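Enquirer: make a model of this:
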Amino acid sequence: MFEQYKQELDALKLNSHLRSIKDFSQKSGKYITFENKELLNLSSNNYLGFADNEEITQEFLDFAGAKHPLGSASARLLTGTLPVYKELEVLLCELFNKESTLIFNSGYHANVGITSSIAGKNDVIFSDKLNHASIIDGMRLSQAKFFRYQHNNIESLEKLLIRERKNFDNAIIVTESVFSMDGDIADLKKIAEFKKKYNCILIVDEAHAFGVFGSKGLGICETLGLLPEIDILVGTFGKSIGSMGAFAVGNKVLIDYLTNKARSFIFSTALPPISIAFSKWIIENKLPSTLEKRKKMLTLGNNLGSQSHIIPVIIGGNSETEQMCKKLFDAGYFTLPIRPPTVPDGTSRIRISLTTDIEEKDLAKLCTITGLTNKINQGL
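Expert: Residues are numbered from 1 along each chain as shown. Coordinates of the predicted model:
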């Protein structure tokens, strides 16, 4: 009965493609303990170090006490909304200067819900080819036609817009701002021009930029002064903020539409109120003081050859990538092989993910092992 599944698993293993859940014995700051060895953690999205900081956790618990339940026990549209949910949504509206906000249970819930519901059968979606799997899954669940333009290629996008926009009622352009596996940044200024020129709805996923970029930590759109041009901006609490969940902030009509149509929102039990309260507390009390640390982290990323705090080291083959991870493990680094379908065939890689706790000196051996050419190498 299960032979077909076993054969597929065996094939994955043969091609160095089999995934497994890792067991960690401890996480402390920038280090992680795995297989009884303390390693520098380069595979975390805990960019600002809030998620496992014992002092911050205790400070929040002292502040919050026992007034926020550990579970909601209901969907938001039933009895799953307490005042703290609306307080966080209002805070995000004020920060982004947008009309409305809707909290989702995760970035995956948000993107699947948005792209599957906003676009109908007479509509079209234009999506960067390297957009996150959650965006792709949402497009597939929608009734819309969709086209994937070449990664970060403005000419490719405009050619599709010229050829296809006139054939549909509504058109949506969707892109990440900081791409999760490449660390590069979308040309949002030009995309915003296309949104106006071709009468499109613009959706930007700032999952890896929220909390990192911008004087307020709101992301690339804040940095570029483009917040007024974005119809729906997606962010997450599960990375820089160190909590869980995600949000969509934007035009009230669209957010109201999501409230009524996004199945991933409607049919999910609401996040624990204590987590919502923690996200709000971090954004209000801790995020504003991280600007200098964030600048330093981004400078380090730039010195490593990236536009952001995410640095891809592309190896190519699956087995070669696994071997590189083993070398880095032996040298004291925790990294994971990123393989298809997460990235295109032939581009398996190590994804170095910086946090504000990581310093230049921490990466000296890594640069030597990987052959990563950068300004740090030149100075060591």
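
Enquirer: which stretches of the stretch 51-200 of the chain form strands?
Expert: Ranges of strands within the stretch 51-200 of the chain are 100-104, 124-128, 145-149, 171-176, based on DSSP state E, counting those that start in this stretch.

Enquirer: now the angle from the last one to strand 124-128?
Expert: Using axes from the mean of the first three to the mean of the last three C-alpha atoms, to 10 degrees, the interaxial angle of strand 171-176 with respect to strand 124-128 works out to 20 degrees.

Enquirer: mean confidence for strand 171-176?
Expert: For strand 171-176, mean pLDDT is 98.

Enquirer: center of this protein - which residue?
Expert: residue 207 (3.3 Å; C-alpha atoms, centre = their mean).

Enquirer: buried residues in stretch 304-318?
Expert: 304, 306-313, 315, 318 (16 or more other C-beta atoms under 10 Å). (Glycine included, C-beta is placed from N, CA and C.)

Enquirer: ugh, wrong one, I meant stretch 191-200
Expert: 191-192, 194-195, 198, 200.

Enquirer: tell me the most buried of the strands of the stretch 51-200 of the chain?
Expert: By mean neighbour count, with neighbours taken as mean count of other C-beta atoms under 10 Å, strand 171-176 ranks first of the strands of the stretch 51-200 of the chain at a mean of 25.

Enquirer: and it, what does it pack onto?
Expert: helix 107-118, strand 124-128, helix 188-197, strand 201-205 (3 or more C-beta pairs under 8 Å, 6 or more residues apart in numbering; DSSP states H and E).

Enquirer: quick one: that strand to strand 145-149, angle?
Expert: 40 degrees.

Enquirer: ok, and what's touching strand 171-176?
Expert: For strand 171-176, the surrounding residues in contact (C-beta atoms under 8 Å, 6 or more residues apart in numbering) are 115, 118-119, 123-128, 130-132, 135, 144, 157, 161, 165, 186, 188, 191, 194-195, 198-208.

Enquirer: repeat for stretch 256-269
Expert: 72-77, 80, 100, 102, 104-105, 108-110, 112-114, 116-118, 248.

Enquirer: am I right that residue 234 sits in a strand?
Expert: Yes. Assessed with DSSP: H, G, I helix; E, B strand; the rest coil, residue 234 lies in a strand.

Enquirer: enumerate every residue touching it.
Expert: For residue 234, the contact set (C-beta under 8 Å, 6+ apart) comprises 107, 110-111, 114, 203-207, 246-248.

Enquirer: tell me how far the closest residue to it other than its chain neighbours lies from residue 168.
Expert: Distances taken as C-beta to C-beta, 6 or more residues apart in numbering place residue 205 nearest to residue 234, at 4.5 Å, with adjacent residues excluded. Here residue 205 is placed at a distance of 22 Å from residue 168 (C-beta to C-beta, to the nearest Å).

Enquirer: more neighbours: those two, which one.
Expert: More crowded of residue 205 and residue 168, by other C-beta atoms under 10 Å: residue 205, with 33 against 17.

Enquirer: where does the prediction get shaky in this structure?
Expert: Across the chain, the ranges flagged by pLDDT under 70 are 26, 373-380.

Enquirer: run the last query once more with 50
Expert: 375, 377-380 (pLDDT under 50).

Enquirer: would you map out the domains in it?
Expert: The domain map for the chain lists 20-48+290-379, 69-285, with the assignment taken from automatic domain parsing.

Enquirer: would you reformat those as a markdown table and include distance to residue 6?
Expert: Listed next are the domains of the chain as a markdown table, based on distance: least, C-beta to C-beta, whole Å:
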| stretch | distance to residue 6 |
| --- | --- |
| domain 20-48+290-379 | 15 |
| domain 69-285 | 25 |
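
Enquirer: test my guess that residue 137 contacts residue 112.
Expert: Yes. Contact criterion C-beta atoms under 8 Å: residue 137 and residue 112 qualify, at 5.3 Å.

Enquirer: of the strands of the stretch 51-200 of the chain, which is nearest residue 237?
Expert: Proximity to residue 237, assessed across the strands of the stretch 51-200 of the chain by C-beta to C-beta, is greatest for strand 100-104 (8.6 Å).

Enquirer: ok, the closest one: who's next to it in the sheet?
Expert: Sheet pairing of strand 100-104 (DSSP bridges) gives strand 246-250 (antiparallel).

Enquirer: list the buried residues of the strand it pairs with.
Expert: Under 16+ other C-beta under 10 Å, the buried positions of strand 246-250 are 246-250.

Enquirer: could the residues you listed be laid out in CSV, adding distance to residue 285?
Expert: Supplementary listing: the buried residues of strand 246-250 in CSV, determined by distance: C-beta to C-beta, whole Å:
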residue, distance to residue 285
246, 20
247, 18
248, 24
249, 20
250, 25
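
Enquirer: so which of those residues comes closest to residue 355?
Expert: Nearest to residue 355 among the buried residues of strand 246-250, with distances taken as C-beta to C-beta, is residue 246, at 19.9 Å.

Enquirer: quick one: contacts for the closest one?
Expert: Counting by C-beta under 8 Å, 6+ apart, residue 246 touches 103-107, 109-110, 207, 234-238.

Enquirer: make it 10 Å
Expert: Residues counted as contacts of residue 246 (C-beta atoms under 10 Å, 6 or more residues apart in numbering) are 102-111, 113, 134, 205, 207, 210, 234-239, 271, 279.

Enquirer: same check on residue 248?
Expert: 92, 98, 100-104, 110-111, 113-114, 203, 205, 232-235, 254-255, 258-259, 262, 265.

Enquirer: and which of the contacts of residue 234 is nearest residue 354?
Expert: Comparing these against residue 354 with C-beta to C-beta picks out residue 207 as the nearest, at 15.8 Å.
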